[in-house]
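> sequence-free structure coming up:
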């Protein structure tokens with residue numbers, strides 16, 4: 001079977017665990033050389049080792065995306081060096097995961113960190129890596145949004161705000177980079193059974209009961225959507241939000 005991303009390179013932020021690790025593995029399985037990034041070198045090395053064990057190619061580049069422009073710049077430079085000077089697919093997955101909290105009780109430092117990791121780093125990193133894609137006339141950016149950025153949810157204002165910002169960036173960048181051959185789209189997961197979420201799956205019952213699928217998704221299902229949008233199969237898809245939510249936002 002032909003691998004859809006053979007010969008291409010990809011950077012996945014926040015990919016040392018959970019959803020990001022699943023996305024990195026799925027891209028590698030389709031033939032891409034994947035740059036795994038995150039704060040924990042040991043976990044990053046483990047993701048790379050698992051990709052290589054399955055026959056893929058990957059490298060780890062450390063990054064703390066709360067560190068501002070300098071940290072983002074170091075990630076871009078390191079990723080380009082690891083990938084041979086070219087990134088064809090950028091997956092903006094890194095985000096600060098937040099426990100539902102009443103707005104008035106969210107500390108300012110949490111607000112600052114959420115905006116830094118979940119919005120500012122996405123903006124800055126895309127600004128560094130999308131223009132070279134546009135110069136080559138080909139590339140794909142896939143942003144990880146969320147159904148929280150599409151529907152109002154009590155006690156989720158901060159997280160929802162960051163994801164709504166990501167959705168907005170997608171459409172703006174589709175207009176900016178699409179004419180130059182760079183497709184920018186969003187994958188918006190619903191409840192997804194990463195390791196952390198699976199530990200509190202019972203809390204998702206009210207949401208799952210309203211989903212046509214009647215179950216939470218898996219990281220592999222979200223990763224498959226990312227691979228699709230990164231591949232040439234999605235060549236006419238620009239500025240779209242692909243929900244992977246069991247139908248929650250549709251009904």
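Perfect, I can see it now. Just so you know, these numbers come straight off a predicted model, no measurement behind them. Residues are numbered from 1 along each chain as shown.

> At which residues are the helices of the stretch 1-150 of the chain located?
In the stretch 1-150 of the chain, the segments counted as helices under DSSP state H, counting those that start in this stretch are 18-29, 41-53, 69-82, 108-115, 121-136.

> Save the ones you listed as TSV, and put in mean pLDDT, distance to residue 10 and mean neighbour count too.
The way it works is simple: take the backbone N, C-alpha and C, and place the C-beta from them, glycine included. Putting these into TSV (pLDDT from 0 to 100; distance: least, Cβ to Cβ, whole Å; neighbours: other Cβ atoms under 10 Å) gives the following:
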stretch	mean pLDDT	distance to residue 10	mean neighbour count
helix 18-29	98	5	26
helix 41-53	98	11	16
helix 69-82	98	9	18
helix 108-115	97	25	14
helix 121-136	98	11	19
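
> Please identify which of those helices is closest to residue 100.
If you check each of the helices of the stretch 1-150 of the chain against residue 100 by Cβ to Cβ, helix 108-115 wins as the nearest, at 12.5 Å.

> Put together a markdown table for the helices of the stretch 1-150 of the chain, with distance to residue 190 on each row.
Formatted as a markdown table, these follow (distance: least, Cβ to Cβ, whole Å):
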| stretch | distance to residue 190 |
| --- | --- |
| helix 18-29 | 12 |
| helix 41-53 | 24 |
| helix 69-82 | 28 |
| helix 108-115 | 20 |
| helix 121-136 | 20 |
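
> what's the closest of those to residue 151?
Comparison of those against residue 151 by Cβ to Cβ identifies helix 108-115 as nearest, at 18.7 Å.

> counting contacts, what elements does that closest one pack onto?
Based on contacts counted as 3 or more Cβ pairs under 8 Å, 6 or more residues apart in numbering; DSSP states H and E, the elements that helix 108-115 packs against are helix 157-177.

> And the very next helix or strand once past the helix it packs on, how far out from the chain middle?
Heading C-terminal from helix 157-177, the first helix or strand you meet, by DSSP states H and E, is strand 182-189. Computed by Cα atoms, centre = their mean, to the nearest Å, the chain-centroid distance of strand 182-189 equals 9 Å.
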